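Colleague: whatever this is, show me its structure:
(one chain, ligands or ions: 2)
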Amino acid sequence: MRQDDCIFCKIIAGEIPSQAIYEDEEFKVILDVAPATKGHALILPKNHYANLYELPEEKATDVMKLAKKMMKVMTDKLHCDGFNLVQNNGEAAGQTVFHFHMHLVPRYKNDGEILKYIAQNPSQKELEEIKKAITE
Ligand code: AMP
Ligand code: ZN
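Modeller: Ligands and ions are numbered 1, 2, ... in the order given. Purely as a prediction, here's the structure:
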């Protein structure tokens, strides 16, 4: 399952170079070429799925298991102090490469504001309406 115009499919096939830090039958984990921090990596399923909506449930479970394994290795080797796992779905969410990937971003004490959002301040009524919209 590959899409010919997909940069990550090409990386998985070895047609575009990458720095792979892990590989198995299902996944390749590569270093991001434009890292937010030292060691910023991407978990790529070898099959092409555009995003998390398309990713089969059992693969989603495997992604999280692999994220945990990689976090442990990278914490040991890079001596980072924490991690952000980031996963963008859709252009509106900042996705730029439409082959599912999970960002593993090692964090270091005092490495600055890398992922920051501006918190909104909804009323209780607004929160209730959103809850209703989702659950009813
Ligand atoms: P996203 O915005 O979540 O779709 O993230 C796409 C990520 O892919 C960005 O962090 C890019 O820096 C990264 N990226 C794009 N091209 C390459 C490449 N050839 N090798 C490694 N990472 C890449
Ligand atoms: Zn692809």
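Colleague: report the beta-bridge partner residues of the residue most central in space within the chain.
Modeller: Residue closest to the average C-alpha location in the chain (Cα atoms, centre = their mean): Met102, at 1.7 Å. Beta bridges link Met102 to Ile43, judged by DSSP bridges.
Colleague: where in this structure is pLDDT low?
Modeller: For the chain, no stretch has pLDDT under 70.
Colleague: kindly report the residues of it close to ligand 2.
Modeller: Listed as neighbours of ligand 2 in the chain under the rule Cβ under 5 Å from the ion: Gln3, Cys6, Phe8, Cys9, His48, His99. In this view, the C-beta of every residue, glycine as well, is placed from N, C-alpha and C.
Colleague: which residue ranges of this protein form strands?
Modeller: With DSSP state E, the ranges of strands along the chain come out as 20-23, 27-31, 41-45, 82-86, 102-107.
Colleague: out of these, which one sits most buried?
Modeller: Of all the strands of the chain, strand 41-45 has the most neighbours on average by mean count of other Cβ atoms under 10 Å, namely a mean of 24.
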